[in-house]
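next comes the sequence, and after it the predicted model I'd like to discuss.
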Amino acid sequence: MKKQTQCLLAFLAVLPSTAVFACASDGCSLSSDVDVEWLSSSNGFRFDLRYDYLNQNQIRSGTGTPAVFPVDGHEQELYTKSQTVTAGFDYRWNAYWSVNVQVPYLDRAHGTNGFAFDGTDAGTSHTKSIGDIKVIGSYMGLSDEHNLGVQFGLKLPTGSYTQNFDGGPIAGQPLDRGLQPGTGTTDAIVGAFRFSPLSQNWNYFTQAIVQIPLNSRADYKPGKALNLNAGLRYLGFDKVVPQVQLNVKFLGKDSGANAAPDDSGGTTVYLSPGFTAPLTEKVKVYGSVQLPIYRKLNGFQLAAKYIFSVGTRVEF
């Protein structure tokens, strides 16, 4: 059972964090809102380095592709390509308490044809910057097996929210707030999770987490988010642990004078196959692909065909 639990917890470390994304559409952040990598059979320090790739290049409206676009009053966005490297630092004191810190570095290219659709208010941007840092604590004393826990923490306003367009007729004008490296707000994070073996070779986990902005900044406030996640993995192989996740996100509309509430928020569901493979007793690699199976987006938003993540985790 101890070996099964270790394999389960190694898998949980692959769950990517939505903190790395701050996109123009809702379809860019569909997985666990915080990594559950503090779950470990031993105390101490762990380090995680993850790369996420996302190319939003298709316009979506409601549950499908709009029959007519562009539409007056809605921006004709062309693409948003994001690459993010996130460093995760995790320390566990005992069987009950741990803390996780996530530091994202964002490389994002964006292009828009504006609201006139004739190029007169078109623009491009290429942002390279630290994003908003998350600090998450966890408590696992709700059950004798230590497999039921709660999460609580903050998303800090460390990312810039004052970047400008750097190409096209609107070069020098402020970049859309939904495309900035940071939101400028402090957000509360609260959640709960459970994991358990189903049989000798199968384990599962479930997670629910809410992120709520506590303030607005410069006439902008991001929408509230609720993430529901479930995962199943198979432990019958010696060198790899295959798994699949179901990731559901409900995202509220942004608000404020600098927001675009009509073109933000919605409901998204992703199916996410992946794997974890131990290289040594202390080093593991992992990967996953998130594939959309349902999306209902407000207004007109850019969405991606998939999200790709790879990474490595080291225990000390």
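Here it is on my side, so go on.

tell me, how many residues neighbour residue 65?
11 (other Cβ atoms under 10 Å). Backbone N, C-alpha and C define where each C-beta goes, glycine included.

quick one: low-confidence ranges for the stretch 101-250 of the chain?
Counting by pLDDT under 70, the stretch 101-250 of the chain contains no low-confidence segment.

repeat that with 90
140-141, 143-147, 195-197, 200, 238 (pLDDT under 90).

would you map the strands across it?
Using DSSP state E, counting those that start in this stretch, the strands of the stretch 101-250 of the chain run over 123-130, 134-139, 148-155, 187-197, 202-213, 225-234, 241-251.

Serialize these to a markdown table and add fields for mean neighbour count.
Output for the strands of the stretch 101-250 of the chain, formatted as a markdown table (neighbours: other Cβ atoms under 10 Å):
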| stretch | mean neighbour count |
| --- | --- |
| strand 123-130 | 17 |
| strand 134-139 | 20 |
| strand 148-155 | 20 |
| strand 187-197 | 18 |
| strand 202-213 | 20 |
| strand 225-234 | 19 |
| strand 241-251 | 21 |
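
make a markdown table from those and add distance to residue 311 to it.
Below are the strands of the stretch 101-250 of the chain laid out as a markdown table (distance: least, Cβ to Cβ, whole Å):
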| stretch | distance to residue 311 |
| --- | --- |
| strand 123-130 | 18 |
| strand 134-139 | 16 |
| strand 148-155 | 20 |
| strand 187-197 | 20 |
| strand 202-213 | 18 |
| strand 225-234 | 16 |
| strand 241-251 | 14 |
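
quick one: which of the ones you listed is nearest residue 281?
strand 241-251 (14.6 Å; Cβ to Cβ).

confidence score at residue 36?
pLDDT, residue 36: 41.

ok, now residue 17?
The score at residue 17 is 37. That number is its pLDDT.

thinking again about what came up before, so which of the strands of the stretch 101-250 of the chain comes closest to residue 47?
strand 134-139 (15.4 Å).

strand partners of the closest one, parallel vs antiparallel please.
Here the strand partners of strand 134-139, with direction, are listed using DSSP bridges: strand 97-112 (antiparallel), strand 148-155 (antiparallel).

between that strand and strand 187-197, how many degrees?
Going by axes from the mean of the first three to the mean of the last three Cα atoms, to 10 degrees, strand 134-139 is angled at 50 degrees with respect to strand 187-197.

output strand 134-139 in PDB with nothing but the alpha carbons.
Only the C-alpha atoms of strand 134-139 are listed here, as PDB (Å, rounded to 0.1, in the frame of the first residue of the first chain):
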ATOM      1  CA  LYS A 134       0.700  31.600  -5.700                       C
ATOM      2  CA  VAL A 135       1.400  30.500  -2.100                       C
ATOM      3  CA  ILE A 136      -0.700  27.500  -1.000                       C
ATOM      4  CA  GLY A 137      -0.900  25.800   2.300                       C
ATOM      5  CA  SER A 138      -2.400  22.400   2.900                       C
ATOM      6  CA  TYR A 139      -3.700  20.400   5.900                       C
END
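
returning to what we had before: could I get the strands paired with strand 134-139 as CSV with distance to residue 179?
As requested, those are exported to CSV (distance: least, Cβ to Cβ, whole Å):
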stretch, distance to residue 179
strand 97-112, 6
strand 148-155, 17
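
residues contacting the nearest residue to residue 215 once chain neighbours are set aside?
Distances taken as Cβ to Cβ, 6 or more residues apart in numbering put residue 185 closest to residue 215, at 5.5 Å, once the chain neighbours are dropped. By Cβ atoms under 8 Å, 6 or more residues apart in numbering, residue 185 lies in contact with 155, 157, 213-217, 220-222.

which of these are buried? Put it as a ChimeraX command.
Of these, the buried ones go into a single ChimeraX selection, burial set by 16 or more other Cβ atoms under 10 Å:
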select :155,157,213,216,217,220,221,222
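
for the contacts of residue 185, which one is nearest residue 132?
The closest of the contacts of residue 185, once distances to residue 132 are taken by Cβ to Cβ, is residue 155, at 5.2 Å.

measure the closest one to residue 167 for me?
30 Å (Cβ to Cβ, to the nearest Å).

longest strand in the chain, by number of residues?
If you go by DSSP state E, the chain has its longest strand at strand 283-315.

in that strand, what's buried?
284, 286-288, 290, 292, 295-304, 307-311, 313, 315.

just want the angle from it to strand 97-112.
Using the same axes, to 10 degrees, strand 283-315 lies at 120 degrees relative to strand 97-112.

thanks again, I'm all set now.
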